[in-house]
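# my questions concern the predicted model and sequence given below.
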Amino acid sequence: MGWKTLDDMNLDGKRVLTRVDLNVPVENGKVTDATRIERIVPTVRDILKGGGTPILLAHFGRPRGKPDPGLSLRQVVPALERALGREVTFVERPNPRDLAALPADSVVLVENTRFSPEEEANGDAMADFLASLGDLYCNDAFSAAHRAHASTEGIARRLPAFAGRLMAEELRALEAALGKPDRPLMAVVGGAKVSTKLDLLANLVRKVNHLVIGGGMANTFLAAQGLDVGKSLAEHDMADTARQILTDADEAGCGIILPHDVVVAREFRAGAESQTVAATACPPDAMILDTGPDSVRRIVRTMDGCRTLVWNGPLGAFEIAPFDAATNAAASHAAERTRDGRLVSVAGGGDTVSALNRAGAAEGFTYVSSAGGAFLEWMEGKTLPGVAALGG
């Protein structure tokens, strides 16, 4: 990849405009989960260590291009100071002269970039203004890299640009997973609807050796093959599309793994009475809520022959036991193989992080991306403006 990192830049005496993800959950003015804040700490500290002044740019919520006190980044300052172990200067209306006058070892946080309508429009005026505030541009927000905004794409074309620690780590993981992976390569794709992942499936069947389809979308594929899926969630109007994906996979030499046994129940609630049946024998009054144990064993056997795994979405209704069994078992096996050095595993997007955390498997994966839309668009094979602007 052609992008530069912190290690390629001379930061000494430079004001470093640093795009970060601070879009964290807040209740009653207090941050309730500081994970995203903690993940930017290495970049901020290394900029300071290199003699630079980090000037943090971020969005928060959807203020629709105008100031909204409830969406001010001021409320994340205490959590940011705790994570960094130092004072943070909050600037509501920045100007180059005031920023240049700050002590060199300052950490600055600029107010919500989305308070201006020019941010999401990627307006030249805002990109020019932001560029005037610093000497270098660092993007450490992969989660916002799929948006061509002034603070993610416009500014990167106006200043020497490079990737922060988190962004570089993410890009290296993604390159290892789909860019130049060790093969055989397996992808696990789950979720509710085929219609939301058409581009993803179309891209993967051309790139992976094995594609596991789970969750509600597996029901659509089963129905498309003429099986009765009872009252299961399924997009019957997507049958032709599902069949075309199967045909495309066959032509590309990609093996599709669908459930051949399923866990069914008459109601969707914790502890509901359930049974495992063949995929061909779903009762007409039941719902398919998880992939069956025989199918999981097949997934695990196939995984044992693979070197790389990309994971997006659960295999069943993981939020409620006992319908989390397939996701938990497959994810735990992937984590075990990864810890043993036999698998490179990269996961992200949607409910994936929650599912892997629930399974206790997230820490065992090579990399788990906290990005949602950006991770999904990358898996779809799309160009991410925020990455392309870095030269990658």
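Yep, it's here. Being a predicted model, the structure only gives us computed values, none of them experimental.
# surely residue 306 meets residue 186?
Yes. With contact defined as C-beta atoms under 8 Å, residue 306 reaches residue 186; the gap is 4.4 Å. Yep, even glycine has a C-beta here, placed from its N, CA and C like the rest.
# with neighbour numbers in mind, choose between those two.
residue 186 (26 against 23; other C-beta atoms under 10 Å).
# remind me which helix or strand the more buried one belongs to.
Assigned by DSSP states H and E, residue 186 belongs to strand 185-189.
# sheet partners, orientation included, of that strand?
When sheet partners are counted by DSSP bridges, strand 185-189 sits next to strand 210-213 (parallel), strand 308-312 (parallel).
# which residues sit against the next helix or strand after the first one?
Using DSSP H and E, the next helix or strand after strand 210-213 towards the C-terminus is helix 215-224. The contact list for helix 215-224, computed with C-beta atoms under 8 Å, 6 or more residues apart in numbering, reads 189-194, 197, 213, 229, 232-236, 238-240, 242-243, 245-246, 256, 258-259, 279, 288, 291, 313-317.
# about what we covered before: what touches both of residue 306 and residue 186?
209-210.
# low-scoring stretches of the stretch 151-300 of the chain, by residue?
By pLDDT under 70, the stretch 151-300 of the chain has no low-scoring segment.
# for residue 327, report the pLDDT, please.
pLDDT recorded at residue 327 is 97.
# would you mind listing the buried residues in the strand or helix carrying it?
Using DSSP H and E, residue 327 sits within helix 325-339. Neighbour counts over helix 325-339 (16 or more other C-beta atoms under 10 Å) mark 325-335, 337-338 as buried.
# then stretch 81-88?
Residues 83-84, 88 are the ones in stretch 81-88 that count as buried (16+ other C-beta under 10 Å).
# tabulate these (a markdown table), appending distance to residue 224.
Output for the buried residues of stretch 81-88, formatted as a markdown table (distance: C-beta to C-beta, whole Å):
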| residue | distance to residue 224 |
| --- | --- |
| 83 | 48 |
| 84 | 52 |
| 88 | 54 |
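# the residue nearest to residue 111 when sequence neighbours are not counted and residue 109, how far apart?
The shortest distance from residue 111 to any non-neighbouring residue, by C-beta to C-beta, 6 or more residues apart in numbering, is to residue 92 (4.9 Å). Residue 92 sits 10 Å away from residue 109, going by C-beta to C-beta, to the nearest Å.
# the more surrounded of those two?
Neighbours were tallied for residue 92 and for residue 109 using other C-beta under 10 Å; the higher tally belongs to residue 109 (24 against 12).
# and the closest residue to residue 321 other than its chain neighbours, how many residues sit next to it?
Among residues not flanking residue 321 along the chain, residue 270 sits closest, at 6.1 Å (C-beta to C-beta, 6+ apart). For residue 270, the neighbour count with other C-beta under 10 Å is 9.
# please enumerate the helices of the stretch 151-300 of the chain.
Under the criterion DSSP state H, counting those that start in this stretch, the stretch 151-300 of the chain carries helices at the ranges 165-174, 198-204, 215-224, 239-252, 293-304.
# and of those, who's closest to residue 265?
helix 215-224 (13.6 Å; C-beta to C-beta).
# and the closest one, how far out from the chain middle?
Its chain's average C-alpha position is 24 Å from that of helix 215-224, according to C-alpha atoms, centre = their mean, to the nearest Å.
# stretch 205-215 now?
How far stretch 205-215 lies from its chain's middle: 18 Å, per C-alpha atoms, centre = their mean.
# likewise for stretch 309-324?
16 Å.
# then stretch 385-392?
Remark: stretch 385-392 is offset 17 Å from the chain centroid, using C-alpha atoms, centre = their mean.
# now it: average pLDDT?
86.
# quick one: buried residues of that stretch?
Using 16+ other C-beta under 10 Å as the test for burial, stretch 385-392 gives 385-387, 389-390, 392.
# what's the first-to-last distance across stretch 342-359?
Its first and final residues considered, stretch 342-359 spans 20 Å by C-alpha to C-alpha, to the nearest Å.
# sorry, back to before: can you flag which of the buried residues of stretch 81-88 belong to helices?
Among the buried residues of stretch 81-88, DSSP state H puts 83-84 in helices.
# okay, the buried residues of stretch 81-88 in CSV with distance to residue 161 and pLDDT next?
Shown next, in CSV, are the buried residues of stretch 81-88 (distance: C-beta to C-beta, whole Å; pLDDT from 0 to 100):
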residue, distance to residue 161, pLDDT
83, 25, 98
84, 23, 98
88, 23, 98
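# just the closest of the buried residues of stretch 81-88 to residue 176, please.
Nearest to residue 176 among the buried residues of stretch 81-88 is residue 83, at 27.8 Å by C-beta to C-beta.
# and stretch 265-272, C-alpha only, in CSV?
What follows is stretch 265-272, C-alpha atoms only, in CSV (Å, rounded to 0.1, in the frame of the first residue of the first chain):
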residue,chain,number,x,y,z
ALA,A,265,-38.6,-22.8,17.6
ARG,A,266,-42.2,-21.6,17.6
GLU,A,267,-41.4,-18.4,19.5
PHE,A,268,-38.4,-16.1,19.7
ARG,A,269,-37.6,-15.7,23.4
ALA,A,270,-34.8,-16.7,25.8
GLY,A,271,-35.1,-20.3,26.8
ALA,A,272,-37.8,-21.1,24.2
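# and it, how far from the chain's centre?
Distance of stretch 265-272 from its chain centroid, counting by C-alpha atoms, centre = their mean, is 30 Å.
# ok, stretch 139-149 next?
Centre to centre, stretch against its chain (C-alpha atoms, centre = their mean), the figure for stretch 139-149 is 11 Å.
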